[in-house]
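[1] The sequence isn't on hand, but the structure is:
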């Protein structure tokens, strides 16, 4: 495959950690939420191994925030969310599927209640600031909707807790999953929570002063040095093994939460929210497609850079959205969005990979 580069320019924003990641040897970027996001530091194998067995640090500042502030902020957040958020306490975060009026998933952020009338919606790739502003204006809400000065960094892996405790003190060990607390180090304001886009455990550190990005990067790297920390990026192989949804990669433009296995986070009873009626109809009809696992035959694959068609009995039934060779399982695995009638485990299918057709077998998710 040909090698590509990415041009750096003012149209795409740089992260507060950008210079630090360049100094640390970043080799590849992607563009996410109109920002440069590192995706490799040169050795995907080493980055995967250290995530599974040690600790890594990620620049995920492209995980932008939408801040909703005001006396009716909670009502606005609840209207935007397919999940009932009426019982979220201060410092608590919850997974928050967001749908349009037709019930199509348009983002799947984590929402954090920072204060009584202040919320941060930590968005996946998508222009949700404009969406939230439009809904607020059209519905007559008084709350302001802005992008705050908040830039996440992640520390992930089995040794992540030890690193963050070395950085901020043993109090972080008591932070529960999807809970955040305010901290300060060397005059740098932070919110720190037990979360992150891996199943290996870890923390997200929300930097609240973009001018201190390099300082924070160096402090985390220094705290992590005794534990063998390395710079890395959200890991493609581990996320497929763990079946972590990657919005815009794993779904089509018209996919609803039920097709993606997110139905347990759609609360249809007793409240109004954007897309409620359409989602009620979709739930009653049953999902047209389902996101399932596939085990793919043949030699190790290196991943797919575009959806691969899935075939069964001469008919195209869907697409493989992500695929990789799993070192822990010793086999090729993938996540496929396919017709519901073919989505049960142990169905034999064919996948049109970049290297030709391969046999595969459907299975449940996650793999690990």
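    Structure received. The model shown is predicted, which means the values in this text are computed figures rather than measured ones.
[2] Give the closest residue to residue 300 in space, chain neighbours not counted.
    Nearest-residue entry for residue 300: residue 325, 3.7 Å, with adjacent residues in sequence omitted and distances by Cβ to Cβ, 6 or more residues apart in numbering. Just so you know, the C-beta spots here come from the backbone N, C-alpha and C atoms, and that holds for glycine as well.
[3] you'd agree that neighbour is in a strand?
    Yes: applying DSSP: H, G, I helix; E, B strand; the rest coil, one finds residue 325 inside a strand.
[4] which residues does it bridge with?
    residue 332 (DSSP bridges).
[5] Quick one: the helices in the chain, in order.
    Using DSSP state H, the helices assigned to the chain run over residues 18-23, 44-53, 73-80, 128-138, 160-168, 213-224, 236-241, 276-285.
[6] wait, doesn't residue 236 sit right on residue 324?
    Yes: in this structure, residue 236 is within contact of residue 324 by Cβ atoms under 8 Å, at 6.0 Å.
[7] what residues do these two have in common as contacts?
    Contact criterion Cβ atoms under 8 Å, 6 or more residues apart in numbering; residues shared by residue 236 and residue 324: residue 303.
[8] Between these two, which has more neighbouring residues?
    More neighbours surround residue 324 than the other of residue 236 and residue 324, with 24 against 19 (other Cβ atoms under 10 Å).
[9] Residue 193 contacts residue 178, correct?
    Yes: with contact defined as Cβ under 8 Å, residue 193 counts as touching residue 178 (7.0 Å).
[10] more neighbours, the two?
    Neighbour count, other Cβ under 10 Å: between residue 193 and residue 178, residue 193 has more, with 24 against 16.
[11] can you pull up the bridge partners for that one?
    Beta-bridge pairing of residue 193 under DSSP bridges involves residue 180, residue 204.
[12] pretty sure residue 345 contacts residue 363?
    Yes: counting by Cβ under 8 Å, residue 345 touches residue 363, with 5.1 Å between them.
[13] what's the overlap in contacts for the two?
    What both residue 345 and residue 363 touch, as defined by Cβ under 8 Å, 6+ apart, is the set residue 292.
[14] neighbour-wise, which of those two wins?
    Shown here are residue 345 and residue 363; by other Cβ under 10 Å, residue 363 has more neighbours (16 against 10).
[15] Can you name the residues that contact the more buried one?
    Residue 363 neighbours (Cβ under 8 Å, 6+ apart): 292, 293, 294, 295, 345, 346.
[16] quick revisit: which of the helices of the chain sits closest to residue 353?
    For residue 353, the closest of the helices of the chain is helix 236-241, at 14.8 Å, according to Cβ to Cβ.
[17] Spit out the contact partners of residue 66.
    Contacts of residue 66 were listed using Cβ under 8 Å, 6+ apart, and they are 109, 120, 121, 123, 128, 129, 132, 145, 146, 147.
[18] pLDDT wise, what is it at?
    You'll see residue 66 listed with a pLDDT of 98.
[19] Roughly how far does it sit from residue 81?
    Plainly put, residue 66 is 12 Å away from residue 81 if you go by Cβ to Cβ, to the nearest Å.
[20] Give me the common contacts of these two.
    With Cβ under 8 Å, 6+ apart applied, the contact sets of residue 66 and residue 81 do not overlap.
[21] one step back: pipe the helices of the chain into CSV and attach distance to residue 252 and mean pLDDT per row.
    As requested, the helices of the chain are exported to CSV (distance: least, Cβ to Cβ, whole Å; pLDDT from 0 to 100):
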stretch, distance to residue 252, mean pLDDT
helix 18-23, 32, 98
helix 44-53, 27, 96
helix 73-80, 22, 98
helix 128-138, 19, 98
helix 160-168, 34, 98
helix 213-224, 35, 98
helix 236-241, 18, 97
helix 276-285, 14, 98
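[22] Distance to residue 104 for those - can I get that in TSV?
    Putting those into TSV (distance: least, Cβ to Cβ, whole Å) gives the following:
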stretch	distance to residue 104
helix 18-23	33
helix 44-53	32
helix 73-80	14
helix 128-138	12
helix 160-168	35
helix 213-224	35
helix 236-241	23
helix 276-285	8
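[23] how about these, which one is nearest residue 265?
    Checking the helices of the chain against residue 265 by Cβ to Cβ gives helix 276-285 as the closest, at 11.3 Å.
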